[in-house]
Every structure is written in C-alpha cells, then in structure tokens.
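**Q** Sharing a sequence plus its predicted fold:
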Amino acid sequence: MFAILGIFVVFGAVAAGYLMEKGNLLVLMQPAELVIIGGAAAGTVLIANPPRILSAILKGVVGAFTGSRYNREWHLDSLKLLYELFDLARRSGLPSLEPEVEDASKSKIFARHPSILKDHHVCAFICDTFRLTMIGGMEPFDVDQMLESDIETHHHEGAEQVSALTTVADSLPGLGIVAAVLGVVITMQSLGGRPEEIGHKVAAALVGTFLGILLCYGLIGPLAASMSKILEAERAYYQMLRVALAAFTKGVPPLLAVEAGRRSIPMHVRPSFSEVEKTCRQRAPEAQPEAA
C-alpha cells in the first residue's frame, strides 16, 4: 500500500511541478521513447538472468506492493508453532514428533497455523531440523552451524533478484540517453524544416533522458530497495527460528527456547514476553509451561 502511495506522490509531484511551470503534459507522452527504454531494459533482464530469477523478480515486486508479512502477528504465530512442537517433544519424547514433521501438510500442529503451512521453505526448515535431531549423532553446535548455512544460502538466492532489479535501475539513465541520442539523430535529419517541427523532435529526444532518470530514481530503484528490506526482514525471521531451534537442541525447556527466539526478533515487530507466554498457554492448555 505504501509503495503505491509513494509512486503516486513521485509522479504526482513531478507532474504538478511541471504544470506549475506552464508545461504541457502532452509533450511528455512519447510512446516511442517508452518503447526504446522499456524494451531495452526488459531485454537486459532477459540477457542477464535465468528464468528462476525472472520469476523471483516478479514475486519480489508483488511483495514490495503488498508489504512485508513479517510483522508482530507472524512472529507470534511462529513462536506458538515452535512452542507446541517443543512441548510435545518434551512431554512425549522426540519420536512423538515424527507424525508432525514427516509431512507438514498432514500435521495437526501445523494445521493450526495455516499461514505458516503455506510457506514450504519455512516448514522444511523446521521439519528437517527436527528430523535431524531425532536421528541424532550431531552436536548442538553443529546443528546451529548447519542452520546458519541454510539461512545464508536462502538469503543469497533472495539477494540475486534484488541485485538484478538494481542493475536494471542503474541501466535506465543510460538507456534514456540512448533514446535521446536516437531522437537527436531524427532531429538532425529534419534540419531545414519548420522550426516548430524541429522543436517538437528535440523535446521528444529530451523526454527520453527524463524518463530514464525518473524511472531509475523514482520507481525501479525504490522498488529494489523495498525488496531488499523485505529480504532482510525474512533473514531476521529465519534467525529467530534458528535461535529457538538451536536452544531446544541444547536441552533448553520449551518456553525458554521460545523466549531465546523472541529476543532475536527486531524490536519493532517483537511481541512481549507476556504476549508469547499467554499465547503459548492458550495453544497448549494441557501443558504446564515452565517458569522463565
């Protein structure tokens, strides 16, 4: 929502300022310039990136418009899920988790958290860690390092789409100059014609440079920056999962393991201890949460 509002503010302010100087908006309507700049930018994306990154860019742009899902409620729901899994393992032993983590789509615990269940990577991150714990043979430190490696790999893949879109943004001013040069070439061919015709062609050429710079700094660049912030929020979320899971593998009681994860959540989306404790008790009324 804020991304859409920001786009309206950027283009509205530019148009308003132009009109205040008695400019004619119709002069800025140059479809040929947009075709040159937009088509060339799209071509550079196709040249530089495989299909998986192209798909990720589209999803990232949609995410920039819809906003980050990693808010207080999302973290609170994730802490609930972790506590329920931790508590079941504490009360009934690790083997009792096998039906829950073997296939998250058939798990009764995951079914109580449908928003998380829809994210296959989050489910795999949690379930695979529990599977590894049930197999045994690895020290808690090694499990923690493995989780960190998983997060780094996932973050690197996410950063590729941001880098690709940033590259496109950086290329737009240059592509605007290309459009402007082509306009100048057309203008030179018209020398000797009517002055108003030459003036129109010069204006059209300058619009190419204007559009390239505006699209770079007013649209594509900010979208890439928004995607980068969402990616960092996602990384912080996985770090929360890692901290809580690593604490549990070290033998920390369920509520304290969840608290360790809560402390790693960024302050602006971190639920309070009382919120987490109250919610965990509501989700597992038969359990007796440990005192922190």
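**A** Structure received. Residues are numbered from 1 along each chain as shown.
**Q** Now do the helices in this protein.
**A** 2-20, 25-28, 31-48, 51-66, 72-92, 98-101, 108-111, 114-117, 120-135, 140-189, 195-215, 221-249, 254-263, 273-283 (DSSP state H).
**Q** Rebuild those as CSV, extending it with mean pLDDT and mean neighbour count.
**A** C-beta: built from backbone N, CA, C; applies to glycine. Below are those laid out as CSV (pLDDT from 0 to 100; neighbours: other C-beta atoms under 10 Å):
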stretch, mean pLDDT, mean neighbour count
helix 2-20, 91, 12
helix 25-28, 86, 12
helix 31-48, 92, 15
helix 51-66, 92, 15
helix 72-92, 94, 20
helix 98-101, 90, 17
helix 108-111, 93, 16
helix 114-117, 93, 14
helix 120-135, 92, 17
helix 140-189, 92, 17
helix 195-215, 87, 17
helix 221-249, 95, 20
helix 254-263, 94, 22
helix 273-283, 85, 15
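**Q** residues in contact with residue 262?
**A** Shown in contact with residue 262 (C-beta atoms under 8 Å, 6 or more residues apart in numbering): 75, 79, 240, 270-271, 273, 276.
**Q** if we go to 6 Å?
**A** Counting by C-beta atoms under 6 Å, 6 or more residues apart in numbering, residue 262 touches residue 276.
**Q** separation between it and residue 86?
**A** Residue 262 sits 13 Å away from residue 86, going by C-beta to C-beta, to the nearest Å.
**Q** likewise residue 266?
**A** 22 Å.
**Q** now do residue 128
**A** Per C-beta to C-beta, residue 128 is found 16 Å from residue 86.
**Q** what's the answer for residue 161, then?
**A** Distance, residue 161 to residue 86, using C-beta to C-beta: 34 Å.
**Q** what do you get for residue 21?
**A** According to C-beta to C-beta, residue 21 stands 64 Å off from residue 86.
**Q** separation between residue 168 and residue 79?
**A** As for residue 168, its distance to residue 79 is 38 Å (criterion: C-beta to C-beta).
**Q** what's the closest non-adjacent residue to residue 143?
**A** With sequence-adjacent residues excluded and distances taken as C-beta to C-beta, 6 or more residues apart in numbering, residue 143 is closest to residue 249, at 5.1 Å.
**Q** need the contact list for residue 12.
**A** With C-beta under 6 Å, 6+ apart, residue 12 has no contacts at all.
**Q** Could I get the phi/psi values of the residue lying farthest from the centre of the chain?
**A** Relative to the centre of the chain, and counting by C-alpha atoms, centre = their mean, the farthest-placed residue is residue 192 at 53.9 Å. Backbone torsions of residue 192, given as degrees, to the nearest 10, read phi 100, psi -10.
**Q** Check the gap between it and residue 202 for me.
**A** Using C-beta to C-beta, we find residue 192 at a distance of 14 Å from residue 202.
**Q** wait, isn't residue 173 in contact with residue 213?
**A** Yes: if you go by C-beta atoms under 6 Å, residue 173 and residue 213 touch, sitting 5.2 Å apart.
**Q** Relative to residue 151, how far out is the residue nearest to residue 34 when sequence neighbours are not counted?
**A** What sits nearest to residue 34 in space, not counting adjacent residues and going by C-beta to C-beta, 6+ apart, is residue 211, at 6.6 Å. Separation of residue 211 from residue 151 (C-beta to C-beta): 39 Å.
**Q** One more: residue 194?
**A** From residue 194 over to residue 151 (counting by C-beta to C-beta), the distance is 65 Å.
**Q** before we move on, what about residue 54?
**A** Shown here: residue 54 relative to residue 151, a distance of 24 Å by C-beta to C-beta.
**Q** same question, residue 276
**A** 22 Å.
**Q** now do residue 138
**A** Distance of residue 138 to residue 151, computed by C-beta to C-beta: 17 Å.
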